[in-house]
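> return atomic coordinates for the entry below.
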Amino acid sequence: MISQSIQELRATLPNHVQLIAVSKTHSPEAILEAYAAGQRDFGENKVQEMVDKYTQLPKDIRWHMIGHLQTNKVKYIAPFVHLIHGVESMKLLQEINKQGNKNQRIIPCLLQFHIAQEQTKFGLTKEEAQEILTSSDFHSMKHISLHGVMGMATFTENAAQIRKEFKALQGIFMALKTAFFETSKEFKEISMGMSDDYPLAIEEGSTLIRVGSKIFGKRF
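Next up is the predicted model:
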């Protein structure tokens, strides 16, 4: 079923959109089934779970940290994480840079923006991002690479509201690209869209979709 779900999903995606299979709470066996179907990008939201799975599973898997990341946990994933989606503070960027230095690698990151109506969701405002990007601290960081932006829409069935929020994130991406990353080949990703709303996200410019239940089934 997992293999079939991945193939059916991939068949509907434009070439420029990358599928991240959200494997949080699912077993290594389920991930291996997706792996056998050719899936290599997996998303986790808890550091310990990601580390456990990394040690057990094939090393060519690209692990995406899609949850809220605490600064004191960065060191555990710094040696191997492929992309950190949820960077929403200078403090976190500084820690990622520090751990990147220790591991002699440049760690790719996305800036997370608060686009939803719910206050419980994390994320920067456009003004906070500009403050970070114009700071001397940011310009001295040699072990991070910003690849784009990430956001989570409001949990609602109101498609117009969701579309509006995705459109806002795409607008933020374009503004930052123009102002700060015009010559950067890496700054090209917009991570938005999950199992219930990814078609809308793709229409509004998403390049990375984070899909869990549509691949692995509902979590219990």
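> helix or strand: which one has Met150?
Taking DSSP states H and E as the criterion, Met150 maps to strand 144-151.
> for Lys167, grab the count of nearby residues.
15 (other CB atoms under 10 Å). For every residue, glycine as well, the C-beta is placed using N, CA and C.
> revised request: answer the last question for Leu83.
23.
> also the one 3 residues further on?
By other CB under 10 Å, 22 other residues sit near Gly86.
> which residues touch it?
Taking CB atoms under 8 Å, 6 or more residues apart in numbering as the contact definition, Gly86 lies against Met65, Ile66, Gly67, His68, Leu69, Leu110, Gln112, Phe122, Met150.
> how does it look with 7 Å?
Met65, Ile66, Gly67, His68, Leu69, Gln112, Phe122, Met150 (CB atoms under 7 Å, 6 or more residues apart in numbering).
> if we can go back for a sec, angle of the very next helix or strand once past the strand holding Met150 against strand 144-151?
Using DSSP H and E, the helix or strand that directly follows strand 144-151 along the chain is helix 159-180. Taking axes from the mean of the first three to the mean of the last three CA atoms, to 10 degrees, one finds that helix 159-180 is oriented at 160 degrees with respect to strand 144-151.
> so which bits of helix 159-180 are buried?
Of all the residues in helix 159-180, those buried under the rule 16 or more other CB atoms under 10 Å are Ile162, Arg163, Glu165, Phe166, Ala168, Leu169, Gln170, Ile172, Phe173, Leu176, Phe180.
> hmm, back to that, tell me which two of the contacts of Gly86 sit farthest apart.
Spanning the widest gap among these are Met65 and Phe122, at 12.8 Å by CB to CB.
> who has more neighbours out of these two?
Applying other CB under 10 Å to Met65 and Phe122 shows that Met65 carries more neighbours, namely 25 against 16.
> just read off the phi/psi values of the more buried one.
Phi and psi for Met65, reported as degrees, to the nearest 10, are phi -90, psi 110.
> and the strands in the chain?
Under the criterion DSSP state E, the chain contains strands at 18-22, 41-44, 62-65, 83-87, 107-113, 144-151, 189-191, 208-211.
> dump the ones you listed to CSV, plus distance to Asp137.
Shown next, in CSV, are the strands of the chain (distance: least, CB to CB, whole Å):
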stretch, distance to Asp137
strand 18-22, 29
strand 41-44, 28
strand 62-65, 22
strand 83-87, 14
strand 107-113, 15
strand 144-151, 11
strand 189-191, 23
strand 208-211, 27
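> let me have those in TSV, extended by mean pLDDT and distance to Lys126.
Listed next are the strands of the chain as TSV, based on pLDDT from 0 to 100; distance: least, CB to CB, whole Å:
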stretch	mean pLDDT	distance to Lys126
strand 18-22	98	25
strand 41-44	98	25
strand 62-65	98	23
strand 83-87	97	15
strand 107-113	98	7
strand 144-151	98	10
strand 189-191	98	15
strand 208-211	98	20
